[in-house]
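**Student:** Fold the following for me, if possible:
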Amino acid sequence: MSFFEELKRRNVFRVAIAYVITAWLLLQLSDIVLDNIDAPTWLMKAIMLLLAIGLPLALVFAWAFELTPEGLKKEKDVDRTQSIAHQTGHKLDRTIIVILALALGYFAWDKFSTPQDVIPANAGIQTEGSETASAEGLAADGAANQAKAQQKSLAVLPFVDMSPAKDNEYFTDGLTEELLNILAQIKGLQVAGRTSSFAFKGKTEDLREIGGKLNVNTLLEGSVRKDDQRQRIRVTVQLINVADGYHIWSDTYDRNLEDIFAIQEDIAQQVAEALKINLLGEEVSEIAVTTRTGMNAYDLYLQGLKDLNLYTFESLRRAEKLLEQSLAIDPNYLPTRLALVRTWIDMAGTGAIPAPEAVKKASPVLEEILRAEPANSAALIFLGQVQLLNEDKKAARRSFEQSLAANPRDAMGLKEYGSLLFNTGDTEEGLSYLRQAASIEPYDVQMQWELCVVHAFTGDEAGAARECNRIGDIQAGNPMQFYGQGYLYLFKGELANYMYWNSKAIELDPADHELKAGIALAWIDLGDMQQAELWLQKAAQLAPDQPTTVSTRIEVLLQNEQVQQALDLAQKAHDEDLPDRQGSGEIIYGLLVGDAIHRHDFDRALELLQERMPTGVASPLELDEPDDVTLLAGMAQVMKMQDPASEQATALLDHAAALNRQSDNRKIPFESGFRQAAIESARGNKQAAIAGLQAAFDAGWRLGWQDVLRNDWRFESLHKELDYKNLVVMLEKDMEKQREEAYELLGLSR
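**Tutor:** So this is what the prediction gives:
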């Protein structure tokens, strides 16, 4: 018998086939399991190695041993006339058929089943004819595109600066970002967000891991070598398949520096051609033509972009100067104009400039851009942000909806729209948009911050800790991970823990005066005016005239019974139109309104309240947010002081009560009880008002209690009630306990 025939007789070939198919199936199943449990990549490699080693061992075993009715025996010890190798061969044939069927079944499931973890390509807003698309419509649209979307995903990793002096990182990063923006406009292609892609800058993680974390199956990476003396640039790019790490396409561009825009367009076109074969099927993708400018203006723009992305007080100021210099060279370069608008908005957001200043600077620029390009999604997002700074929430909502209609997968648009919905009472829908945004930009700290703070606002301790801690995982030195958790304890009424987390944030961001002012306010409530004065001075050293510092100084003056000085400071802040930050407006206006009421100047009191809510008296039924309740109740209370039978006051209170009932009580749970107390106090229902304050206390209300229960004009009529006095005693005892806890947490002597 020939060697080949002997191999057949001993079933070596059958064993080899069965082993290979079984090993392949085991590898596929291992891949799924290990990926879901975030196992290290070496474990998969170890399994592959063991299976590879096992093949020759299995073949040797099949050659040397035979299965007999008495069990396994060495082949040389088996009588050929008694051999059942042919029967074993039939059994192996059936086994191979079963395993092959399983393998084919898995293959079919893997290729044709609908993936469940892909962000809908068109998740967003449908406009024409409707202001807001329903969540059900978004879900239906997303489900219809999920399977298709998984095969159309790309991340642009930060290109490497290969310049001899390594001094062109800003240029390399800018080129990467510009290229990402061009590719993001390809219809049907999902491109991971800029911030998440840049989270892997300088890291050497396995491509498979990066692709999995960014939820894409294709990566674009490369390098840039910029020679300023010769005015030359070399750009090398590779398009890589995440599944196997192989190159789909690569190229090198060695050209004059002035050709940078043509290089960007060429790369995008080449990538699109490769993607059309590998990802996009026969779809035709239009490549956007890049906006061009001179190299001097472009270089300044990229430098400004780098500082803008750092998002600190000082970096934003540098970004503003650089971008203004770029525009001085080319006033019409659209990317620079948009970046400058974003800089002003971010400066207002951080408190670096007052909100009215940002509105004044940004509005005319955005109007001009949108006049030329009405569907520019970035400009529409910025317009909505400016409208929010101007306290026009309805206009902002329309702008965000229009932006998402133009670009449904814009993470910033989803984040802004979700935040607005959450802050106006639609907490569940708002949270769903925020989650979509974070899924597109899983490594964007700003996106993560929104998830962190909404869980804090709702009192979800586990959720807030999880989302806030992830900020630190993404960016270890970011203070938001700590003051996000500070918010949680603030709204839970745990002021000692609030100060502890704020102090940890201050260690990372000592220039943030608002954190220090917040700690000063907490010490007031805890009854330690020495600590309150100390922290107020720390805030004042950094920003003596900013809203939070001024309002905190007013509170300190009131607690020290320096009422006239507090009034003078509040009037000065009002006359200077100091913007509202962190509740500063409520403190300033509350003191001025109370003073007018004490002087029986009800017209002035009502005038001040109308400054805070201009439409409150003229058309109250147009107000549709729970946050409007306390101001409406205050207006009604002043009207009843003027005329106890005022029908307008009754209508205002009825509308305020209806708004309060609409709230789902998820955003800052104690607010519902506090709002109810304001309504009932205005109606003259003292016990119901006290019950509302008690409900707020039970839900975690502590911050500002001294000012509210001792100085707030809305509740002065309750001061002699026994239940009111008992509530004050309860708060004093709670503050005494928390004060001792704060000393211990912060390492302070009594």
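
**Student:** which one is residue 569 nearest to, not counting chain neighbours?
**Tutor:** Closest residue in space to residue 569, ignoring its immediate chain neighbours: residue 554 at 5.5 Å, by C-beta to C-beta, 6 or more residues apart in numbering. Every C-beta, even on glycine, is put in place using the N, C-alpha and C of the backbone.

**Student:** If you count contacts, what does the helix or strand harbouring the one you found end up packed against?
**Tutor:** Using DSSP states H and E, residue 554 maps to helix 547-559. When contacts are defined as 3 or more C-beta pairs under 8 Å, 6 or more residues apart in numbering; DSSP states H and E, helix 547-559 sits against helix 513-526, helix 529-542, helix 563-575, helix 584-598, helix 705-711.

**Student:** how about those helices in a markdown table, adding mean neighbour count?
**Tutor:** Putting the helices and strands packed on helix 547-559 into a markdown table (neighbours: other C-beta atoms under 10 Å) gives the following:
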| stretch | mean neighbour count |
| --- | --- |
| helix 513-526 | 25 |
| helix 529-542 | 18 |
| helix 563-575 | 16 |
| helix 584-598 | 21 |
| helix 705-711 | 19 |
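
**Student:** mind checking which of the ones you listed is nearest residue 419?
**Tutor:** Residue 419 lies closest, by C-beta to C-beta, to one member of those: helix 513-526, at 18.7 Å.

**Student:** between the closest one and helix 547-559, how many degrees?
**Tutor:** When axes from the mean of the first three to the mean of the last three C-alpha atoms, to 10 degrees is applied, the directions of helix 513-526 and helix 547-559 differ by 20 degrees.

**Student:** what mean pLDDT would you report for helix 513-526?
**Tutor:** Mean pLDDT, computed over helix 513-526, is 95.

**Student:** For residue 177, which non-adjacent residue is spatially closest?
**Tutor:** Spatial nearest neighbour of residue 177, chain neighbours left out: residue 194 (5.6 Å); criterion: C-beta to C-beta, 6+ apart.

**Student:** neighbours of that neighbour, just the number please.
**Tutor:** By other C-beta atoms under 10 Å, 22 other residues sit near residue 194.

**Student:** before we move on, the earlier item: number of nearby residues for the residue nearest to residue 569?
**Tutor:** Neighbours of residue 554 (other C-beta under 10 Å): 24.

**Student:** Could you shift the numbering so residue one becomes 856, and keep it that way?
**Tutor:** Sure, I'll start numbering at 856, so the last one becomes residue 1409.

**Student:** measure it to residue 1429 for me?
**Tutor:** Noted for residue 1409: a distance of 11 Å to residue 1429, by C-beta to C-beta, to the nearest Å.

**Student:** Then residue 1193?
**Tutor:** Residue 1193 sits 35 Å away from residue 1429, going by C-beta to C-beta.

**Student:** ditto for residue 1308
**Tutor:** 29 Å.

**Student:** got it, and residue 1507?
**Tutor:** In terms of C-beta to C-beta, residue 1507 sits 23 Å off from residue 1429.

**Student:** can you list the weak-confidence ranges in the stretch 956-1105 of the chain?
**Tutor:** Within the stretch 956-1105 of the chain, the segments meeting pLDDT under 70 span 961-1006, 1020, 1043, 1085.

**Student:** go again using 50 as the cut-off
**Tutor:** For the stretch 956-1105 of the chain, the stretches with pLDDT under 50 are 966-1005.

**Student:** re earlier: which neighbours do residue 1409 and residue 1429 share?
**Tutor:** residue 1443 (C-beta atoms under 8 Å, 6 or more residues apart in numbering).
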